[in-house]
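> how does the following fold in three dimensions:
(one chain, ligands or ions: 2)
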Amino acid sequence: MSKLRVAVLGAKGRIGSEAVRAVEAADDLELVAALGRGDTLETLAETGAQVAVELTNPDSVMANLEYCVGHGIHAVVGTTGWTDERLAQLNGWLSASPETGVLIAPNFSIGAVLTMKFAQQAARYFESVEVIELHHPNKADAPSGTAARTAQLIAAARREADCAPQPDATSTALDGARGADVDGIPVHSVRLRGLLAHQEVLLGGEGETLTIRHDSLHHSSFMPGILLGARRVVTTPGLTFGLEHFLDLN
Ligand SMILES: NC(=O)C1=CN([C@@H]2O[C@H](COP(=O)(O)OP(=O)(O)OC[C@H]3O[C@@H](n4cnc5c(N)ncnc54)[C@H](OP(=O)(O)O)[C@@H]3O)[C@@H](O)[C@H]2O)C=CC1
Ligand SMILES: O=C(O)C1=N[C@H](C(=O)O)C[C@H](O)C1
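Ligands and ions are numbered 1, 2, ... in the order given. Prediction:
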């Protein structure tokens, strides 16, 4: 059986370099390109890449995806910075290339995907919910894509359950003291040397709290999800948002 031809964009970065090694080690995948900043995207077409794994940064991802989708190259995207406007633009490109698949995964680690699912399930049962994400200090964006997605999922679950607004008597506060407001959910970002990628969802009700915590201790935690995404995206046209759609979580 022929191997799936995979390219990595952002190949010299923290996660990209790990992805290069993971693709090289997979028996059913062939690494056909490993591109860094300044390398030409034409390499993707020239090498016949079928899937591009996009791990660059929010300033680069849109141009890369426009090229990939325009050339019928499927994409697995870990890069953060997604907004409704960006998703609409991507969907526009995909509508002109309906056989192409794009997976955007705010987080590729199974533990983080489960954290989001558990938080979504728990959200309706507690009066208060806040998210704390903790990352290495070289991370470009805050809050993390995972935290933003977690907060959106929590907010949607609370809306669906018709939950009352969260109790919070704060009437004066220093800017930032209550974190960022993502869909009504406070999200707090910590940047600390020694950390990699961590998240806590704190839920509070009368006389009890529940904490859901996940820790990525090494970039290897993201690799099974990236490889699964590459294998599945080629038969999943259109936009898939979240690795959970490629996992049997029920
Ligand atoms: N979904 C997930 O599970 C995960 C997502 N991420 C996300 O992945 C992204 C990358 O993270 P991280 O590896 O830590 O960041 P790094 O800065 O370490 O790596 C990004 C790399 O991409 C390069 N780059 C920038 N623009 C381009 C371009 N146009 N073409 C090719 N390469 C380019 C950068 O080069 P230069 O240094 O010259 O700018 C750098 O080498 C972030 O958005 C991060 O949040 C990270 C981990 C897990
Ligand atoms: O930049 C990182 O490191 C990570 N980025 C992603 C995010 O913003 O959620 C995923 C993970 O948290 C690691």
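
> what does Glu133 show for phi and psi?
phi -110, psi 140 (degrees, to the nearest 10).

> residues contacting it?
Neighbouring residues of Glu133 by CB atoms under 8 Å, 6 or more residues apart in numbering: 143-144, 146-147, 187-190, 197-200. Placement of C-beta: from N, CA and C, glycine included.

> just the element for Thr146, please.
Using DSSP states H and E, Thr146 falls within helix 145-160.

> mind giving me the packing neighbours of that helix?
helix 110-122, strand 128-135, strand 180-182, strand 185-191, strand 197-205 (3 or more CB pairs under 8 Å, 6 or more residues apart in numbering; DSSP states H and E).

> dump the ones you listed to a markdown table, plus distance to Leu90.
Listed next are these as a markdown table, based on distance: least, CB to CB, whole Å:
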| stretch | distance to Leu90 |
| --- | --- |
| helix 110-122 | 21 |
| strand 128-135 | 24 |
| strand 180-182 | 21 |
| strand 185-191 | 24 |
| strand 197-205 | 24 |
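
> kindly reformat those as TSV containing distance to Ala11 and mean pLDDT.
Shown next, in TSV, are those (distance: least, CB to CB, whole Å; pLDDT from 0 to 100):
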stretch	distance to Ala11	mean pLDDT
helix 110-122	23	98
strand 128-135	21	98
strand 180-182	31	97
strand 185-191	25	98
strand 197-205	20	98
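
> and this protein, which residues reach ligand 1?
By CB under 6 Å from any ligand atom, the residues of the chain that approach ligand 1 are 9-10, 12-16, 35-37, 55-57, 60, 64, 78-80, 105-108, 145, 222.

> please flag which of those residues sit within strands.
9, 35 (DSSP state E).

> give the buried subset of the residues of the chain next to ligand 1 as a ChimeraX selection command.
Here is the ChimeraX command that selects the buried residues among the residues of the chain next to ligand 1 (16 or more other CB atoms under 10 Å):
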select :9,10,13,15,16,35,55,56,64,78,79,80,105,106,107,108,145,222
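
> tell me which residue in this structure sits closest to ligand 1.
Nearest residue of the chain to ligand 1 (CB to the nearest ligand atom) works out as Gly13 at 2.0 Å.

> so Pro58 makes contact with Thr80?
Yes: Pro58 is within contact range of Thr80, at 6.0 Å (criterion: CB atoms under 8 Å).

> list residues touching both of the two?
Counting by CB under 8 Å, 6+ apart, the contacts common to Pro58 and Thr80 are Asp141.

> hmm, back to that, list the buried residues for the helix holding Thr146?
Using 16+ other CB under 10 Å as the test for burial, helix 145-160 gives 145-155, 157-158.

> how near is the most centrally placed residue in the chain to ligand 2?
Centroid-nearest residue in the chain: Pro106, 1.0 Å away (criterion: CA atoms, centre = their mean). Going from Pro106 to ligand 2 by CB to the nearest ligand atom, to the nearest Å gives 5 Å.
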